[in-house]
Structures are given as C-alpha cells and as structure tokens.
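Enquirer: any chance you could fold what I've pasted below:
(chains A and B)
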Amino acid sequence: MKKKSLLHRTIIIVAVTLAGLYLVIGPRHRPTLKDFTWSGIKASLRSNIHLGLDLQGGSHLVMRVKTEEYLKRLTEESHTAAQQTAKDAGLEIKGGKAETAGGNYRVVLEPADPSKVNEIKDAIEKKIELGDTSVWTYSASGGQMSWTMTPTAQRVLADNATTQALNIIDSRINALGITEPTLQTHGAQSAHQILLQMPGVQDPERVKAILQGQSRLELVHVIGPPSPNPPTTYVTEAEALASLGGTVPPNRRILPYIERIDSRDDGNDANEPKPKQWVVVETPPVIDGSELRTASAVQSQGGGVNDYEINFSLKKAGADKFGNWTTAHVNDYMGVVLNDEVKSIAFIKGPIYDSGQITGRFTQQSAEDLALTLRSGALPAPIEYLEERTVGPSLGQDSINAGVRASLVGLALVVVFMLIYYRGSGVNAVIALILNMILMLAGLIVFGATLTLPGIAGIILTIGMAVDSNVLIFERIREEILSGKTIPSAVEQGFTRAFITIIDTHVTTIVSSLFLFVFGTGPIRGFAVTLVIGLVVNLFSAVYVSRTIFIWLLNRKDRVESLSI
Amino acid sequence: MFQILQNINIDWLGNRRLFIGISVLLMLAGLGSAIFRQATGGHAFNLGVDFKGGTVVTARFKQKPDDQAIRSALTAKGVRDAVVQPVTDRPDTVLIKVPLEVGKDGRTQVRDALNTFGAEAEPTLELGADPNATYKIVGTDAVGAIAGAQLRNKAIAVTLAALVGILMYIAFRFEWTYGAAAVIAVFHDVLVTLGFFSIFQIEVSLNVIAALLTLVGFSVNDTIVVFDRVRENRKLHRRDSLYKITNDAINQTLSRTVITNGLVFLSVLALVLFGGDVLRAFSLALFIGVIFGTYSSIAIASPIMVWWEQRLEAANRQSALSFSQPLKGGVRTPAIAPRANKRSTRAGA
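Expert: As a prediction, the model looks like this:
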C-alpha cells in the first residue's frame, strides 16, 4: 500500500473519531474546565443522548377516540331535529327512532299519513343536515322513511372527530404546562388512536382525568311553573317520565340533578351530597359549550376555602341568543348542564347577556381543571385509555444501570478474549469495537433517535456482529497464512474474502431491521434504529479502520515475516 | 498462534437425520406443552400484560412488607387474582400484577391496597426525600384488551415481515433455495425458543419479541457465513459434490462459529446474570436463541439447502434428458447437460 493512501485513511479516521467524540461527550455550550472531569463528561453524555421514556421516566398514554359514540350522538341529534322540524311544519309523525347498532347509523321516521312522505321529506331536507346527500342516503318503504349514513361519511366524520379531539387534547396539554410532550395519532388511521408521551410525568392521574373530561356544557330551560314556585324536581326517573305521560317527546330530556347544599347555611355538612333528583329539560339547549368565550375558576362569595365556582362568558352570537331567550323567559328556571348532569338550577331574574356561573361542590383544583377543559372546548366524543405506562426516574435509572453493567461485562469478556486469542491483532479488534460504540452513540444523536431498553438490546446485538466481523477477517487471514501465502497478501485476501460475507450478513440484518422500523411499534422501532446505525458504523470500524491499522503495521518494515494474529 | 480448532473434518450432513430428528422432537415438545396447557384449562403461553391486558404496578418500599401481607391487603380491597412478585436484584421493590377488570383502574386499586401500610410519597418527591411516606409507585404498565390484541398481532406481523425481507435478500444474493433454507432455520429457532417459553411458562412480554428478533438476526448471520463459503467453494472446486462442499464450508467456518457464538453466548450470560429483572425474560429468550441459532445453521439450514438443491438438480437433469434426447439424438451425455443449463439460467445470481 502506498504511503499516501495510508495518510488519507488516517486523516479520515481521526476526523470521524473526533467528530464522534464531540457529538457523544462534548458539551453543547462554551466548554469549561468542569466539562473535562469525569462527572462533567457524564453530564454531557446524559444531555446529548435522548433517552426513551422507559429509561428517563415519564408517562406514555395511548387513547382511543370513541368515534362510534360521536356518530351515535350525531344520528340521535338528527332524529330529534327531524321530529321537531316535521312538527313545526304541522306534519304529524307517528313514530321513529335513531338506529345506531352494528356500525349502521340510521334515522327512521314513521309518518302518520303515508301519503305525505314527500312533503315531510322536503320540509326536513330543506331545513336540517339530513338533506346533505354526501352524508345521508334517503330511502322509503312500507310507510317508513329512513336516512342512512354512508360508509364514506362515517369514515370522514370519524376521522374529523379524531383530529378535533387531538387538537383539543393538545390545547389542554399546553394549558397544563407539560414540558416537551409528544402528541400524535397512533397506529392505523381507522383505529382513531392518539399517543401522548410526557417525559418526567410520573403520576398521570390528573392529566388523564383532564383529558378525559368531555366538558359538554349546556344551558337549558328547566320545565315547570315559573318562580315563585320552586323548581320542579322528581324523586325518581320513573316519576319524571310519568309527568310527561309515559313517553319522552322529541323536545324533552330527563336529566339527573344533584342539588348543592349551600355551605353558608350549614357549614359542616357542605360536602354531603343530597340524594339524586331528576328534572325535565327542553332540548335542544338554549346555548351549548361552543358559544363559550372564556371560563375561569373563582372562589365563591362568602364561601369557604374549598368552595369554588366557575365564571363563564359567551361569544357575541351566543350572548345575543341568550339575551333574547332570557328576556322572554323571566322567572322561568334555567339549568346549567355539564356532561348530561344538571349542576345547578336558578330562576331568571332579568335578561342575562354574556356571562354566568356554574356552582357546585368544587374544590380549587377541580374548579380550575373544569375551567381549563371548558376553555379548550368539548371533546367531540369520549376517549378511553388503551395503554398506560409510567416509569419513575428511579426505575428508569435502575434499567440504565443494569443495561450499562451488562453491556460493560459483556464488552470486557470480549476484549479479554480477543487480546488473548489474537494477541497483537486483538488490539485491532478492541480499537474497532470501542470506536463502534462511540460512533453508534454519535449516530443516535445525529439522527435524533431515542435510546430505549430494547435499543440496548440492539447495542448488544451490534457488539456481537462487530466482534463477528473481526473474527471472520482474522480467521480468514490465518487460513490464508496457513495455506502458505505471504503476510501482506494473506491480509489482503483475508479482508477481500471476508468482506463479501460481512456485507451479506450486514445487509440481511439491515433489510430485516428496515421492515421492523416501518411496521413496528415504539419499542421494536427503538431496537431497529440502534441496530441499523450500529451495523452501518461497523462497516467503517471493523473493516476500514481495522484494515488501516494492518496497513500501518505492514508498512513499518520492508519485509514482514510474521504477524501477531 | 494458538487455535481452538484446526483441520476439522466432520461429516455434519451425514448426521442430518439425527439433527432434524432432535429439532422435530424439541418443536413437538413445545407444541405439546402449548396444546396440553391450553386443553387442560391453562394458558399455552404465560403472556405478559403487553399481550393479555392488565396492569403491572412496580412499588418501592422503605421497609418492604411480606409478599403475603401485600397479597392479603389486595384481597381485602377486593382485588382478586393479583400476583405479587419480588424483584430479585431490588429487595425493596415488588411487582404487583392485576388482571384486567372492566371499569377499574389497576393503579388506583393497588394504591388503595398499599395505603393500608402507610402513605405514598408525594408525586414530585422521590421515596427517600419524603419523611412521611412508606412507599412509592415507581412504575406502571396498564394495557387494555384492544391494545393487547393489537400489540400481539403487530408483533407477529412484524416478525413475519422481517423474515420475508431476509428471504428476499438471500434469494437475491444466493438462490431462493438458500433463502428458504435460512428462513426455515430461523423459523425453527423461534419455534423452539417459544416452546421453551411454553414449557417453563416464562412470561412473554414485548421485550421478548425484541429478543426473538435479535436471535433471528444472529441465526441468519450464522447461516449466511456458511452459505457464503459454500458459494465461494462452489466456484473453486467445481468437481466436488454440493454435499462435500457444504461439509467443507461448515468445517472451514467452524472456528469462527465457535469463537463468535461463544463470545455472544458469554455476553448474553452476562445479561442474564447482571441485566436485572427488567431484562430477565429478554436475556433468557436470547440465551436459548443463541444456542439454537448456532445449531440451526449447521443442523437445519445446511441440510435443507443441500437436499433442495439436489432435488432441483435431479429435476433439471430429468427435464434436460427428455428435452435433449430427441433433439440431439443421445449424442450429448446427459450428466453434463443440467450443469450447463443451470449455469446459464443463473448467470445473474
């Protein structure tokens, strides 16, 4: 080999090694003397490598948006609206229902007079969204009219609900001030799943509750005689139903109501809930949560330390609507409904325009959490948690320690063996191996990949493959020497022959790792990433670097009689 | 230089019936265990929460109560079928596994039960920093039924996809018979390892899947080293039979096989001994896998490849005979015809 090529090789190797060292243990700030001490190096290493949640500590949540609930609600609302529209147009409907079973969403109406089917259809489709033919397919048979949601529309609506949920969750997470969260859709698009990772969050219970908070706020008209009569409540649901004559008409709903005990009257029992009651309210509501401008938690006037309520104000359009309605309903009762539960009932003293309160037995935290979820808007559909993993920092540290300990013991065994078995050339292998470790970590940093527990498994596999490359080369050189070749030509042949094998083994593993990366989930991906980086680096360290060292050894003398291998 | 193995001349392929017999027996044992356990009302595999659903809570104590005391506390709070498992390398820590129950949060259930021993540390404090605390939940893994099934299906799909990738690459670089033989060998390794997991009821978690993928990597690696040598020897010694060439290739690479796999084996042993409980199942899977990965490239992949190639050659010869005889009128010796035929069709490989 020529001297010039050796010089080139040496420059490349030194440059790559220095760059790798800087990436791995170099500080990302102006270096101080401390950065060259052992603890300084460790600190830099820690901040440079991005650790996965399983090593660093944090929470990992996978949730599913129950889009079927969303479609169900949509169908039910359309049914109610259709009934109301027909009634308003003076067309009598004998029966009907919203069918939402088995992945089919259908609104069915039974007109009292079958000859008026077309008239009813026109009235309804002109006024409400059942007329949108891209969503609903109309059919009529046997005196029944039905609108079925098309599969395409189901998919589009469900996807939209997921996106909307993702945005709302995002704003809730931001409002909570969680640092560096990862929020993204998870798995197949049709799965409607969302992945949330929160480094450093050890106890996700509060976050979970806040994210799950549906916070559907409605202001409704409570049916009953106006004040000064007390609000009309019923002891049981059946009693409330009886007051409606046994069936719930389309413009009425029966909701539970848990009356708050005023803490000013009997301070000690403030937190004892009264038994659940029932009230009849009008539907659709006067105002819903989408008209909300802001919401904030405030301490109740004259209330105790733990007595909080939520003040809210409405947007312009909502305020106008609310003002008109309250003007027309002075002395009637109005209820504040949260997630289908009546929170409070009050009579209307005079026109109210843009603000109101939700009172209830709120502590400071529950009031603040509720205000937060109200501000971010209502989730289109409830969410459920599919997977929850939390790792405390101490547990993560245990895993790091165990992984590092095992890797070091393994590495030490390999180093000792290589030095004993291959003597001088063993040094070659050890240098290549150490360089491999450094450059693999540097690779992880460059690609911004995260090191996870399965990633450590990938490192161990890489150590194995790296040693294997050296063993393949050395064994081949020995074989060539034994067959009587001169040392330089044996080295040359050894590298050339073994290189083919090394390429084949590496590419096979890289190919299968790529499959793992593309199709795999979190932990398996972490494994694939480290492995691919490790193997690519190994082609450099075990072949290029090791060969350069051999060239250097052989160049020192004119005639080489023996090789320590 | 000192060498472990020199001038080896073992007839590996001569023992193929014995090898394949052993492997079939091992796979049958694993299969038998799985079927027997399933049939007698047990579980074929001890699936972890990752695949089955449920919650694992890792709790750390200042003074760890007796496992039995923890179990009674859980039962007293209505948590049935909970498993309390000590952590061998952390005597202050315990794993509590709670099966999936609709409408209940495993973490909350366990916390309720553990509160009978004293208060939990503040969420923001480490256990040692909170003087009033007796314990702290340092980790949880809760997986619902949907996610469990999803993770299971995905793990299987991903492993199969990786095998297809391997098959395609080896088929491209060698012949598809080589690729098929390598994949069959790897499949065998996975099955034998899973068999051990069923027989000894070692827990199968997501990390075990990573271990299975690692062993797939090692096993294919070994097989390729041998096949590579076969390919090289085929060019050098055209007169030798494939049987002899393969035997030679195994013998020539044997010292490499022993050294590499010996070292990997030692590293994995270090992992089993020092890797801690979190990595235990992973290390065990790798431990079994490395042994069978080494074995299978010699005992499974090579014989299958030789058998398949010989069959193809015989078939080629048959068709070449029936083709060439009427045309050439028996002038050409049929023994050479298939070889020439074969070379020309595989020039690209």
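Enquirer: which parts of chain B are strands?
Expert: Listed in chain order, the strands of chain B (DSSP state E) span B:46-47, B:54-61, B:83-86, B:93-98, B:119-120, B:133-143, B:203-204.
Enquirer: run through who's touching the fourth one.
Expert: Counting by Cβ atoms under 8 Å, 6 or more residues apart in numbering or on different chains, the neighbours of strand B:93-98 from elsewhere in the structure are B:49, B:54-61, B:64, B:67, B:70, B:74, B:79, B:81-87, B:106, B:109-110, B:138, B:277. For every residue, glycine as well, the C-beta is placed using N, CA and C.
Enquirer: could you do the third one as well?
Expert: Outside of strand B:83-86, the residues that reach it under the criterion Cβ under 8 Å, 6+ apart are B:D67, B:I70, B:R71, B:L74, B:T93, B:V94, B:L95, B:I96, B:K97.
Enquirer: closest to B:N9 among these?
Expert: B:L95 (52.0 Å; Cβ to Cβ).
Enquirer: quick one on the thing from earlier: indicate which one of the strands of chain B is closest to B:L286.
Expert: Here strand B:203-204 is closest among the strands of chain B (Cβ to Cβ), at 13.7 Å.
Enquirer: just the residues contacting that closest one, thanks.
Expert: Strand B:203-204 has contacts (Cβ under 8 Å, 6+ apart) with B:F45, B:N46, B:L47, B:G48, B:F51, B:L194, B:F197, B:A281.
Enquirer: so what's the third one closest to, chain neighbours aside?
Expert: In other words, B:L47. Spatial nearest neighbour of B:L47, chain neighbours left out: B:V204 (5.4 Å); criterion: Cβ to Cβ, 6 or more residues apart in numbering or on different chains.
Enquirer: can you get me a residue count around that neighbour?
Expert: 25 (other Cβ atoms under 10 Å in any protein chain shown).
Enquirer: for A:W552, same thing?
Expert: The number of residues packed around A:W552, counting by other Cβ under 10 Å, is 13.
Enquirer: what's the answer for A:T521, then?
Expert: A:T521 sits with 19 neighbouring residues when counted by other Cβ under 10 Å.
Enquirer: what residues are up against it?
Expert: By Cβ under 8 Å, 6+ apart, the contact list for A:T521 reads A:G187, B:L151, B:K154.
Enquirer: redo those as a markdown table? Include pLDDT.
Expert: What follows is the contacts of A:T521, written out as a markdown table (pLDDT from 0 to 100):
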| residue | pLDDT |
| --- | --- |
| A:G187 | 78 |
| B:L151 | 82 |
| B:K154 | 83 |
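Enquirer: right, and out of the residues you listed, which lies closest to A:V336?
Expert: Nearest to A:V336 out of the contacts of A:T521 is A:G187 (Cβ to Cβ; 37.8 Å).
Enquirer: ok, that closest one to chain B distance?
Expert: According to Cβ to the nearest Cβ, to the nearest Å, A:G187 stands 7 Å off from chain B.
Enquirer: coming back round to it: narrow the contacts of strand B:93-98 to just the buried residues.
Expert: Among the contacts of strand B:93-98, those scoring as buried are B:49, B:54-61, B:64, B:70, B:74, B:79, B:82, B:84, B:87, B:106, B:109-110, B:138, B:277 (criterion: 16 or more other Cβ atoms under 10 Å in any protein chain shown).
Enquirer: burial count for residue 184?
Expert: All of this is about chain A. By the criterion of other Cβ under 10 Å, A:Q184 has 10 neighbours.
Enquirer: let me rephrase: I mean chain B.
Expert: When neighbours are counted by other Cβ under 10 Å, B:I184 registers 17.
Enquirer: compute the number of surrounding residues for the closest residue to it other than its chain neighbours.
Expert: Distances taken as Cβ to Cβ, 6+ apart place B:I304 nearest to B:I184, at 5.7 Å, with adjacent residues excluded. As a burial measure, B:I304 scores 22 neighbours (other Cβ under 10 Å).
Enquirer: so what pLDDT did B:I304 get?
Expert: What the model reports for B:I304 is a pLDDT of 94.
Enquirer: longest helix in the chain, please.
Expert: If you meant another chain, say so; for now it's chain A. Longest helix in chain A, counting residues (DSSP state H): helix A:393-446.
Enquirer: nope, chain B
Expert: Looking across chain B with DSSP H, the single longest helix is helix B:206-236.
Enquirer: show me what from the stretch 1-150 of chain B comes close to chain A.
Expert: Residues of the stretch 1-150 of chain B found near chain A (Cβ under 8 Å from any Cβ of the partner chain) are B:1-3, B:58, B:60, B:89-90, B:107-108, B:123, B:126-127, B:136-144, B:146-147, B:150.
Enquirer: which ChimeraX command selects the buried ones in those residues?
Expert: Buried members of the residues of the stretch 1-150 of chain B next to chain A, defined by 16+ other Cβ under 10 Å, are picked up in ChimeraX with:
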select /B:58,60,90,107,126,127,136,137,138,139,140,141,142,143,144,146,147,150
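Enquirer: measure the residue lying closest to B:R90 once chain neighbours are set aside to B:G139 for me?
Expert: Distance criterion Cβ to Cβ, 6+ apart; nearest residue to B:R90, sequence neighbours excluded, is A:D398 at 6.7 Å. Distance of A:D398 to B:G139, given as Cβ to Cβ, to the nearest Å: 10 Å.
Enquirer: now A:F312
Expert: 39 Å.
Enquirer: over to A:F417?
Expert: Between A:F417 and B:G139 the distance is 36 Å, computed by Cβ to Cβ.
Enquirer: repeat for A:V16
Expert: Using Cβ to Cβ, A:V16 is found at 39 Å from B:G139.
Enquirer: go on, B:S198?
Expert: According to Cβ to Cβ, B:S198 stands 27 Å off from B:G139.
Enquirer: now the stretch 1-150 of chain A, which segments are flagged as low pLDDT?
Expert: Applying pLDDT under 70 to the stretch 1-150 of chain A flags residues A:1-3.
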